[in-house]
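> sequence isn't available, so here's the structure alone:
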């Protein structure tokens, strides 16, 4: 099985035995029950600050938060800010062919930084070059099955040492929030792990207190639950414009590629050039978000 989070409280693998080896038709079981039920249920903000202190006690500094500016990123920043533990913010700009592809996704981050007197360390990333030249080799190491997840993991190259944190998703009964491919960030963390450099791929799942606090309070944007100051207009993934960029290259798509996408079982597929070039070729046959089973503990 794979294990992650504080004291390895999250366990996952294929089938009830949590095997690392996939067999056709098996479900990915993600077990969120390996902890003692707390006597006191913490609020999301209390649990987030507690998680930061646990990270500082067990992981090497400096602590680098990978942020876009969305609600999840803001939650992570505010958690560290409230903890009083030093941290730094890194934000990656997708710039290729003199086009700033994810500018819309980073728009709220400078406002938040100005509001709290924070500095943002911006890094420029040639997204087109990565997709065209490096995605295949990089994906084969950790089996991301998603160009977005692979790209986010690649950001870790910008940080030479310390602990790198990604917000990840909140715990939800919706299978789409976390599945085998999104867990590629954890497999990447294992692959690069060393004494001086570590990755926490799911800050919002790092402790059971934090994960379950959001399960009990699913509206992360509610100011009474967590004080998000800068509300994004909508949720982005940062790849909206790069997909538009590739739409004009329909002549690169072959009939076999189209047939492979059409015949991919289990879910509705896209016919966009970007997905046919950089997403579906990396899907492992039979694995999709629909074959995920979450094992949860009742925490009141």
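Looks like it came in fine. Predicted model, so just to flag it, every value in this text is computed and none were measured.
> which one is residue 103 nearest to, not counting chain neighbours?
Nearest residue to residue 103 in three dimensions, chain neighbours excluded: residue 93, at 7.5 Å (Cβ to Cβ, 6 or more residues apart in numbering). Every C-beta, even on glycine, is put in place using the N, C-alpha and C of the backbone.
> now do the contacts for the one you found.
Contacts of residue 93 were listed using Cβ atoms under 8 Å, 6 or more residues apart in numbering, and they are 100, 102-103, 106, 122-125.
> same deal with residue 99?
With Cβ under 8 Å, 6+ apart, residue 99 has these contacts: 241, 245.
> quick one: it from residue 124, how far?
Using Cβ to Cβ, to the nearest Å, residue 99 is found at 12 Å from residue 124.
> how about whichever strand or helix holds residue 122: buried residues?
Under the criterion of DSSP states H and E, residue 122 resides in strand 120-125. For strand 120-125, burial by neighbour count (16 or more other Cβ atoms under 10 Å) applies to 120, 125.
> after the lowest-mean-pLDDT helix or strand in the chain, which helix or strand is next?
Taking mean pLDDT, DSSP states H and E as the measure, helix 255-262 is the helix or strand of the chain with the lowest mean score, a mean of 58. Note on helix 255-262: by DSSP H and E, the next helix or strand toward the C-terminus is helix 273-278.
> packing partners for that next one?
Helix 273-278 is packed against helix 240-246, helix 255-262, with contacts defined by 3 or more Cβ pairs under 8 Å, 6 or more residues apart in numbering; DSSP states H and E.
> how far off centre is the shortest one?
What that stands for is helix 240-246. 20 Å (Cα atoms, centre = their mean, to the nearest Å).
> circling back to that earlier point, who is the residue nearest to residue 103 paired with across the strands?
Note on residue 93: beta-bridge partners by DSSP bridges are residue 124.
> how near is it to residue 71?
For residue 93 relative to residue 71 (Cβ to Cβ), the value is 20 Å.
> cool, and residue 3?
28 Å.
> show me what contacts residue 97?
Contact analysis of residue 97 by Cβ under 8 Å, 6+ apart lists residue 128.
> let's see it at 10 Å
Under the criterion of Cβ atoms under 10 Å, 6 or more residues apart in numbering, the contact list for residue 97 reads 126-129, 245.
> try residue 31
1, 3, 9-13, 16, 18, 293-297.
> rerun that using 8 Å as the cut-off
Contacts of residue 31 were listed using Cβ under 8 Å, 6+ apart, and they are 10-12, 18, 295.
> that one pairs with what?
residue 11, residue 295.
> can you flag the buried ones in the contacts of residue 97?
Buried by 16+ other Cβ under 10 Å: 127-128, 245, out of these.
> how close does residue 184 sit to residue 275?
17 Å.
> more neighbours, those two?
The residue with more neighbours, out of residue 184 and residue 275, is residue 184; 23 against 16, by other Cβ atoms under 10 Å.
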